[in-house]
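Student: Structure, please.
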Amino acid sequence: MPRWNLNYMKLRDKLLLMYVLSVFIPIVVTNVVFYNVTSANIRSQKTRDAGMALNNLKNDLRVTIDQGVGLSYSLYTDPVFNDTISRSFQSHFEYIDAYNSYLKGQFSGQLNQGIRWYQVYTDNSTILSSGYIDRLTDVVRSSNWYVQFQAYTAPYPALISSDQMLSLVQRLDNLDTGGREQLLKIDLNMDMIKQYFHNSGFDGKVYLLDPGGHIQFSNDPTAEAQIGKRYSEIQFPNKMIPFELTYTGINYLEGWSLQGVMDEEIVLKEVRKSRSFVVWLACINFVLPSIIIAAMSRSIHVRLVRILKHMKKVKTQNFQTIPPEDARDEIGQLTMEFNRMTETIHNLIHEVYLADIQKKDLELKQQQAQLHALHSQINPHFLFNTLESVRMRSLIKGEKETAKIVHNMAKMFRKSISWNQNDVTVKEELELIESFLQIQKYRFGEKLQYNIEADPAVLMYRIPKMVILPFVENASIHGIESSPGVGIIQLFVSMENDLLHIRLTDNGIGMSQAKLEELLSYLDQNADMGEHVGMKNAYSRLKLCYKNQFSFDIQTWEGEGTRIQIKLPLDPSAMPDD
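Tutor: Alright, predicted model coming up:
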């Protein structure tokens, strides 16, 4: 498979590839990188702004809660206040007098922006419910905030969410209360807290979670249905950016946290607005270079295709010139040179090309004449040898067997003069060899043994006629005749790797290495026929028919025999139709 090479590509494909690699891909990559970098920067900036907004909300919320904690600690540490509310009064008048002289002034001025209301609860039966002091009744004990507060035992205030209200609850047990239960409940200003959440600047939903992970407050419009629900149970879309800020190091807020969730589409809203501008800019970057490259490529491609079409016409001897055009670039010069070349070829075609055709035709006729001469040389040669064999046998004995050998001789002669074509089937060639060996066996008697084996698959392939027989004749005359023992000739014809494999062996006298080299040199020479006329004839015809596509090999051992191997290419078209 050929290696990929730019020289194999058409010019139009090269221009298209140059456009894709030099214009299209860089513009696409540049715009994508620009868009992604811009999106990442804006996302990062929005994320930082959202984190700062959530942190400000955290601080504002803590300031509000600290106002309530400050009130809680001031009452928790006041010994006079704690002693007064835990004292047993002898009468209502005594309590009223204590309330007006001390308690009323103690509570005045304690409210501020972060505190909506505060209430002191006590189970002291001598105290009347008035102002900021109330009796700790069973109704109060059954309320939700009281039930939640029972789980706290720490001396500092507990932040409790109840009835959509955030409250700080603390036991007033800093001093001896005489066994009485005294509580301080401070309700935070929920309007202010809502204002903090809605004006936080955080573009998303914010949730206030208690230490158990339950939602206690949120700016989500659906927050009322989510109060008390675990935050982990809420399903958010995949493209959401989470934020988390947890209160740490503050005993009364330990474990409370702010969870923020922001939609990524809101973060990238500004980028989305500029996306259309990026797309239009990219389109302009595409269209303008495309028009320029298309115009230039057409100027090159159209004229090159026109030159190519006229060059193909020259191949069919249509020497039509290209209409001239006002162009001075390389393609215009190529067009003028092509026209000049076409006119020159047209003028020389009758002077040189036709003369060369006549010369080639003469050479072909000479080769055909030589081939016919080779055919005509071999027939008298075999006929002479056959007749000589019959003559010698008839002189020795007068037998009727002569009739048989004469019959085989007649069959050979008849086939040699009846073949009108230059090639025959393998089967016909083997039949001729069989007749020849029968004649030779008549001559040599039991001194000659032979064996012919052929693959049935190759019998109908066509080969040049009488190209095997001369080698068989040489084996019997020069190899077996001079051998003192029984001579054996074996001929094998088979098909191996799409080649017709012919192997001929004998156990005759063989020849020396020097004689073999002399024979091979004689076969390769273009000189006239010598004494090995049959082999020379057959070898020359093989060269004429197969050129360099056949192989010929002789192996010989002096006093032991000779082996000849011939391999011919098989042409499936040479098989006859069934």
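
Student: Show the low-confidence segments of the stretch 151-300 of the chain, by residue range.
Tutor: Scanning the stretch 151-300 of the chain with the threshold set as pLDDT under 70 gives 223-224, 267, 270-274.

Student: And the helices in it?
Tutor: Taking DSSP state H, counting those that start in this stretch to define them, one finds helices in the stretch 151-300 of the chain at 190-198, 223-226, 264-267, 269-315.

Student: Pro242: which of those helices is closest?
Tutor: helix 264-267 (10.9 Å; C-beta to C-beta). Yep, even glycine has a C-beta here, placed from its N, CA and C like the rest.

Student: What is the closest one packed up against?
Tutor: helix 25-76, strand 240-246 (3 or more C-beta pairs under 8 Å, 6 or more residues apart in numbering; DSSP states H and E).

Student: Helix 190-198 and the first one, what's the angle between them?
Tutor: With axes from the mean of the first three to the mean of the last three C-alpha atoms, to 10 degrees as the criterion, the two stretches helix 25-76 and helix 190-198 enclose an angle of 160 degrees.

Student: what's the spacing between helix 25-76 and its chain's center?
Tutor: Distance of helix 25-76 from the chain centroid (C-alpha atoms, centre = their mean, to the nearest Å) equals 44 Å.

Student: Tell me the helix or strand right after that helix.
Tutor: Next helix or strand after helix 25-76 toward the C-terminus (DSSP states H and E): helix 79-86.

Student: what about the nearest residue to Asn56 once chain neighbours are set aside, neighbour count?
Tutor: Leaving aside its chain neighbours, Asn56 sits nearest to Ser200 (6.7 Å; criterion: C-beta to C-beta, 6 or more residues apart in numbering). Using other C-beta atoms under 10 Å, Ser200 has 22 neighbouring residues.

Student: For Leu268, see how far away Ser200 is.
Tutor: Applying C-beta to C-beta, to the nearest Å, the value for Ser200 to Leu268 is 21 Å.

Student: what does Asp66 give?
Tutor: Distance, Asp66 to Leu268, by C-beta to C-beta: 37 Å.

Student: who has more neighbours, these two?
Tutor: Neighbours per residue (other C-beta under 10 Å) separate Asp66 from Leu268, with Leu268 holding more: 18 against 14.

Student: And for the residue lying closest to that one once chain neighbours are set aside, the neighbour number?
Tutor: Excluding its sequence neighbours, the residue lying closest to Leu268 (C-beta to C-beta, 6+ apart) is Ser39, at 5.7 Å. Using other C-beta under 10 Å, the number of residues around Ser39 comes to 18.

Student: what's the answer for the one 3 residues further on, then?
Tutor: Around Ile42 sit 16 other residues, with neighbours defined as other C-beta under 10 Å.

Student: from here on, count from 19
Tutor: With 19 as the first residue, the last one maps to Ile60.

Student: Let me know the pLDDT of it.
Tutor: Turning to Ile60, the model gives it a pLDDT of 78.

Student: Wait, it touches Leu286, no?
Tutor: Yes: applying C-beta atoms under 8 Å as the test, Ile60 and Leu286 come out as touching, 6.5 Å apart.

Student: anything in contact with each of these two?
Tutor: Counting by C-beta atoms under 8 Å, 6 or more residues apart in numbering, Ile60 and Leu286 have no common neighbour.

Student: In the protein, what helix or strand scores lowest on average pLDDT?
Tutor: Across the helices and strands of the chain, mean confidence by mean pLDDT, DSSP states H and E is lowest for helix 372-414: a mean of 58.

Student: and the helices and strands packed on helix 282-285, which one's lowest on average pLDDT?
Tutor: Of all the helices and strands packed on helix 282-285, mean pLDDT reaches its minimum on helix 43-94 (a mean of 84).

Student: quick one, that one and helix 287-333 angle?
Tutor: Using the same axes, to 10 degrees: helix 43-94 against helix 287-333 is 170 degrees.

Student: what is the orientation angle of helix 43-94 with strand 258-264?
Tutor: Here helix 43-94 points in a direction 30 degrees away from that of strand 258-264 (the same axes, to 10 degrees).

Student: measure stretch 219-238 end to end?
Tutor: Counting by C-alpha to C-alpha, to the nearest Å, you get 14 Å between the two ends of stretch 219-238.

Student: Please point out which parts of it sit buried.
Tutor: Under the neighbour-count criterion of 16 or more other C-beta atoms under 10 Å, stretch 219-238 has 220-228, 232-238 buried.

Student: Next step: those residues restricted to strands.
Tutor: Counted as lying in strands by DSSP state E, out of these, are Lys223, Val224, Tyr225, Leu226, Leu227, Ile233, Gln234, Phe235, Ser236.

Student: Now do stretch 565-579: everything it contacts.
Tutor: Residues from elsewhere that reach stretch 565-579, judged by C-beta under 8 Å, 6+ apart: 497, 523-530, 534, 537-538, 541, 557, 560, 580-587.

Student: Now do the end-to-end distance for that stretch.
Tutor: Terminal residues of stretch 565-579 are spaced 29 Å apart (C-alpha to C-alpha).

Student: Which positions in it come out as buried?
Tutor: For stretch 565-579, burial by neighbour count (16+ other C-beta under 10 Å) applies to Phe568, Phe570, Ile572, Thr574, Gly579.

Student: Likewise for stretch 195-207?
Tutor: Thr195, Arg198, Gln200, Leu201, Leu202, Lys203, Ile204, Asp205, Leu206, Asn207.

Student: Which neighbouring residues are in contact with the last one, exactly?
Tutor: Asn207 makes contact with Thr82, Gln131, Gly132, Ile133, Arg134, according to C-beta under 8 Å, 6+ apart.

Student: quick one, what contacts Met183?
Tutor: Neighbours of Met183 in contact, by C-beta under 8 Å, 6+ apart: Asp205, Leu206, Met208.

Student: repeat for Thr266
Tutor: The contact partners of Thr266, taken as C-beta under 8 Å, 6+ apart, are Glu272.

Student: same thing with the one 10 residues further on?
Tutor: With contacts taken as C-beta under 8 Å, 6+ apart, Leu276 has the following neighbours: Leu72, Leu75, Lys76, Leu79, Val224, Tyr225, Leu226, Leu227, Phe261, Glu262, Leu263, Thr264.

Student: mind putting the residues you listed in TSV, distance to Val50 included?
Tutor: Shown next, in TSV, are the contacts of Leu276 (distance: C-beta to C-beta, whole Å):
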residue	distance to Val50
Leu72	32
Leu75	37
Lys76	38
Leu79	42
Val224	34
Tyr225	36
Leu226	41
Leu227	40
Phe261	29
Glu262	32
Leu263	35
Thr264	38
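
Student: any idea how far Met150 is from Trp135?
Tutor: For the record, residue 150 is Tyr, not Met. Applying C-beta to C-beta, the value for Tyr150 to Trp135 is 8 Å.

Student: Comparing the two, which shows the higher neighbour count?
Tutor: Tyr150 (17 against 13).

Student: Just the pLDDT for that one.
Tutor: Tyr150 carries a pLDDT value of 83.

Student: Was I right to think it contacts Val138?
Tutor: Yes: the criterion here is C-beta under 8 Å, and Tyr150 meets it with Val138 at 5.9 Å.

Student: Save the contacts of Met183 as TSV, and put in distance to Asn100 too.
Tutor: Listed next are those as TSV, based on distance: C-beta to C-beta, whole Å:
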residue	distance to Asn100
Asp205	21
Leu206	23
Met208	29
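
Student: re the thing from before, from what I see, the residue nearest to Asn74 and Leu75 are in contact.
Tutor: Yes: when contacts are counted by C-beta under 8 Å, Ser218 is listed as touching Leu75 (4.2 Å).

Student: so what's in contact with these two at the same time?
Tutor: Counting by C-beta under 8 Å, 6+ apart, the contacts common to Ser218 and Leu75 are Val224.

Student: so Gln137, which of the three states?
Tutor: strand (DSSP: H, G, I helix; E, B strand; the rest coil).
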